[in-house]
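Peer 1: here are the coordinates; sequence isn't available:
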Ligand code: ADP
Ligand code: MG
């Protein structure tokens, strides 16, 4: 990587403001249902601890919209971080202001404090210069380890690195290395499995990777728009009518470049997306009126698995079906298993996909599970991330 990292600077005794992405999924009781994003930044924090820095961690959580939301406080995240680090973490009640400055001034080397949810202040998302100044004030150095938030031009992402010496964290470094390799010099055959609900959010990424992959496998809800573009009946499945032309161009591009573009040949359809009826399997050409696609079928699973088995590199983004319902998780589980069996490089992107792989207990079997959903899509679309652009080169 070409950016300066936390390993390139002397941090001993310094007050280091570390922006992380602790936007963890929460269960109904407000507990942390998946702590992967907390675990992912441990290497950076542990490095800073070893180097005797004073560590001020900051993050957003959810979408409080610039006001305090009791259900989105970071204290529970702080407790989990303390457990994982095996040392105390002091969660503060705000992210700027006199109390934060007093706490920072009193910190000793090797101490860790966690600031309150950045998005409790409207200045964070508005990239307000005054808010950035207040956030930067207690610190000597800024570390961006929030890859998953670096596609946002928010104060803590782009404002603070204008005010302090700034470096990339170790998670940021790894994310950029792994994803750059997919765009740069992946081992072939290179396969991409793309699914999920919304095609439009992934079109830029698809247009960018279609020229780089050997196999492009399309599943999930977005397959319906491909079906419709081929003139098939799609029943009640969600079709993005405004994207039919883009899909046609993508298919033309794949054909022109000799990319094998695979759509599901059979699908599980349902009259009710709550999973109560379990659905039934039909050929892709025979989706009945009034029924919606909820998963890929067994023939598709076999074809996708076979295409993937020969790959040396695979990127997967987007579940193959409504995997939150066990009845419709079969395709997603099968793709996760196919990737776990693979000897080559496997990269998972996307929040839901990462959650699925973690839930199946297969996250450790992947080369890398990206913590950035939107950020990884934007990066793979070939667009620069504002938070990365804001960091100085080595
Ligand atoms: P990721 O977060 O991994 O990028 P997306 O956000 O694109 O994935 O999509 C995840 C969502 O897509 C899941 O909530 C899943 O239920 C939904 N989904 C997948 N397949 C279908 C389908 N056939 N119909 C409706 N929703 C689907
Ligand atoms: Mg998502």
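Peer 2: Cool, the structure landed. Quick caveat: nothing in here was measured; it's all calculated off a predicted structure. Ligands and ions are numbered 1, 2, ... in the order given.
Peer 1: in contact with residue 168: list those residues for me.
Peer 2: Residues near residue 168 by CB atoms under 8 Å, 6 or more residues apart in numbering: 1, 3, 4, 5, 6, 143, 144, 145, 176, 388, 391. No exception for glycine: its C-beta is placed from N, CA and C like everyone else's.
Peer 1: same thing with residue 97?
Peer 2: residue 134 are the contacts of residue 97 under CB under 8 Å, 6+ apart.
Peer 1: what does the domain assignment say about this structure?
Peer 2: Per the record, the chain has its domains at 6-170, 178-380, by automatic domain parsing.
Peer 1: any idea which of these gets closest to ligand 1?
Peer 2: domain 178-380 (2.2 Å; CB to the nearest ligand atom).
Peer 1: do that closest one and ligand 2 meet at all?
Peer 2: Yes - counting by CB under 5 Å from the ion, ligand 2 is contacted by domain 178-380 at 351, 352.
Peer 1: Three-state assignment for the nearest residue to residue 280 once chain neighbours are set aside, please.
Peer 2: Spatial nearest neighbour of residue 280, excluding adjacent residues (CB to CB, 6 or more residues apart in numbering): residue 269 at 6.4 Å. Put simply, residue 269 is strand when judged by DSSP: H, G, I helix; E, B strand; the rest coil.
Peer 1: touching, residue 269 and residue 296? I think so.
Peer 2: No - using CB atoms under 8 Å, residue 269 makes no contact with residue 296, being 11.1 Å away.
Peer 1: which ones among the contacts of residue 168 lie within strands?
Peer 2: Filtering the contacts of residue 168 for membership in strands, criterion DSSP state E, returns 143, 144.
Peer 1: let's have the contacts of residue 168 in TSV, adding neighbour count.
Peer 2: Shown next, in TSV, are the contacts of residue 168 (neighbours: other CB atoms under 10 Å):
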residue	neighbour count
1	16
3	18
4	16
5	20
6	25
143	34
144	30
145	30
176	21
388	21
391	24
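Peer 1: in terms of secondary structure, what does the one helix or strand residue 43 maps to contact?
Peer 2: Using DSSP states H and E, residue 43 sits in helix 42-50. When contacts are defined as 3 or more CB pairs under 8 Å, 6 or more residues apart in numbering; DSSP states H and E, helix 42-50 sits against strand 15-19, strand 54-58, helix 75-85, helix 170-184.
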